[in-house]
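[1] based on what follows, work out the 3D shape:
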Amino acid sequence: MSKNRKYKIIISTVFIIFVVSILILMFKDKLLKMLYPKTYSEVISVYAEEYGVEENLIYAVIKAESNFDNKAISNKKAIGLMQIVEETAIDVANKSQIDIDAENITKELLDIDNNINIGTKYLSTLLKQYGNIQLALAAYNAGIGTVNNWIEKKIIQEDGADIEKIPYKETNNYVRKIWRDYHIYKKLYG
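    Predicted coordinates for the structure are as follows:
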């Protein structure tokens, strides 16, 4: 390849990178809103208000759990938008008088309204129990018993101040991801 041709390729590449960079800067918020949507906003706002959970936190949980795929079922049998396991869903519904058909719990959890209702109620319960978003998120992922055990054994503090010490890598990454996404949602949407 000649020097002249190499020079043209380099100039073209630099120009393309420059144009793409300008476009990204111009449309940054629009691009971010595409990556961080407010899908199901009518349902989320109802249950956010009912249970006193910040909407942006619910969006961040749904983004991390299912990326807004209401038909998602994990390999651990967590179901729907907020990835709730059947046992937890039945327990939350019974304690909260949420009317669901326990015999058809998978179908119930694939319903957008039911899933957001139960998931937000459960998140609300965890937020009240721990008084800390990050500990509540850790419990949402690893389970209440696990988080209580970590606190009891002083692996993590009761106030969540050392949340980076979560011993489960998956849960540690989960909490960090949702915390990041929660702040992105807050910045994008207020």
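
[2] list the contacts of A136.
    Applying Cβ atoms under 8 Å, 6 or more residues apart in numbering, one finds that A136 lies in contact with 123, 126-127, 129-130. In this view, the C-beta of every residue, glycine as well, is placed from N, C-alpha and C.

[3] in PyMOL, select just the buried ones from the residues you listed.
    To isolate the buried ones among these in PyMOL, judged by 16 or more other Cβ atoms under 10 Å, type:
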select buried, resi 123+126+127+130
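
[4] how about the contacts of A136 in CSV, adding distance to S96, secondary structure and pLDDT?
    Listed next are the contacts of A136 as CSV, based on distance: Cβ to Cβ, whole Å; DSSP: H, G, I helix; E, B strand; the rest coil; pLDDT from 0 to 100:
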residue, distance to S96, secondary structure, pLDDT
L123, 12, helix, 98
L126, 13, helix, 98
L127, 14, helix, 98
Q129, 14, helix, 96
Y130, 18, helix, 96
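
[5] quick check: which element contains the residue nearest in space to the middle of the chain?
    Residue closest to the average C-alpha location in the chain (Cα atoms, centre = their mean): V61, at 2.0 Å. Secondary structure from DSSP states H and E places V61 in helix 55-66.

[6] what separation do you get for I118 and V46?
    Taking Cβ to Cβ, to the nearest Å as the measure, I118 falls 13 Å from V46.

[7] so how far is K121 from V53?
    V53 is 9 Å from K121, by Cβ to Cβ.

[8] so between the two, which is more surrounded?
    A direct count of neighbours by other Cβ atoms under 10 Å for V53 and K121 places V53 higher, at 24 against 20.

[9] what's near enough to touch that one?
    Applying Cβ under 8 Å, 6+ apart, the residues near V53 are 47, 120, 123-124, 127.

[10] which element is it on?
    Per DSSP H and E, there is no helix or strand for V53.

[11] which residues do I118 and V46 both contact?
    Counting by Cβ under 8 Å, 6+ apart, nothing touches both I118 and V46.

[12] what is the helix or strand containing N114 packed up against?
    N114 belongs to helix 112-130 when assigned by DSSP H and E. Packing partners of helix 112-130 (3 or more Cβ pairs under 8 Å, 6 or more residues apart in numbering; DSSP states H and E): helix 41-51, helix 55-66, helix 86-96, helix 105-110, helix 133-142, helix 144-152.

[13] starting at the chain centroid, how far to it?
    13 Å (Cα atoms, centre = their mean, to the nearest Å).

[14] angle of it against helix 41-51?
    30 degrees (axes from the mean of the first three to the mean of the last three Cα atoms, to 10 degrees).
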